[in-house]
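[1] here's a sequence, model it:
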Amino acid sequence: MVAVATIGACQGCGACLLTCPEHAIRPSDGVLVVLDDCCTGCGECVEICPVDAISLTSEGVSP
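    Residues are numbered from 1 along each chain as shown. A predicted model of the protein is given here:
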């Protein structure tokens with residue numbers, strides 16, 4: 001599982017950026033993006049996001 005952000009839903013508050021233990025979330029052009037190769041799918045970002053802009057998915061993840 002990896003975290004994915006919903007395009008347009010992220011308001012750039014940075015809560016997920018600060019809570020991610022793997023530092024897998026980075027700012028890019030005013031929004032935050034998840035680096036798939038660093039994300040462990042722990043869900044910390046999903047829990048902290050005040051606008052529910054992040055979810056966990058297994059799509060596109062190599063076994």
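[2] return the set of buried residues in the lowest-mean-pLDDT helix or strand in the chain.
    Every helix and strand in the chain was compared by mean pLDDT, DSSP states H and E; the lowest is strand 31-34, with a mean of 85. By neighbour count on 16 or more other Cβ atoms under 10 Å, the buried set for strand 31-34 is 32, 34. Every residue, glycine included, has its C-beta placed from N, CA and C.
[3] in this structure, which spans are helices?
    15-19, 44-48 (DSSP state H).
[4] for Thr6, which of those is the nearest?
    helix 44-48 (11.3 Å; Cβ to Cβ).
[5] what's the offset of the least confident helix or strand of the chain from the middle of its chain?
    Distance, stretch centre to chain centre, for strand 31-34: 6 Å (Cα atoms, centre = their mean, to the nearest Å).
[6] so how many other residues sit close to Leu18?
    11 (other Cβ atoms under 10 Å).
[7] from Thr40, how far out is it?
    Per Cβ to Cβ, to the nearest Å, Leu18 is found 17 Å from Thr40.
[8] please apply the same query to Thr6.
    Applying Cβ to Cβ, the value for Thr6 to Thr40 is 20 Å.
[9] sorry, back to before: relative to Ser28, which of the helices of the chain is closest?
    Short answer: helix 15-19, nearest of the helices of the chain by Cβ to Cβ, at 11.1 Å.
[10] and the closest one, what's buried?
    15-17.
[11] cool, stretch 39-46 as well?
    Result for stretch 39-46 [16+ other Cβ under 10 Å]: buried residues 39, 41-42, 44-46.
[12] roughly how far apart are Val51 and Ile25?
    From Val51 to Ile25 the distance is 15 Å (Cβ to Cβ).
[13] again, but for Thr40
    In this view, Thr40 and Ile25 are 12 Å apart by Cβ to Cβ.
[14] likewise for Val4?
    Val4 is 11 Å from Ile25, by Cβ to Cβ.
[15] again, but for Gln11
    14 Å.
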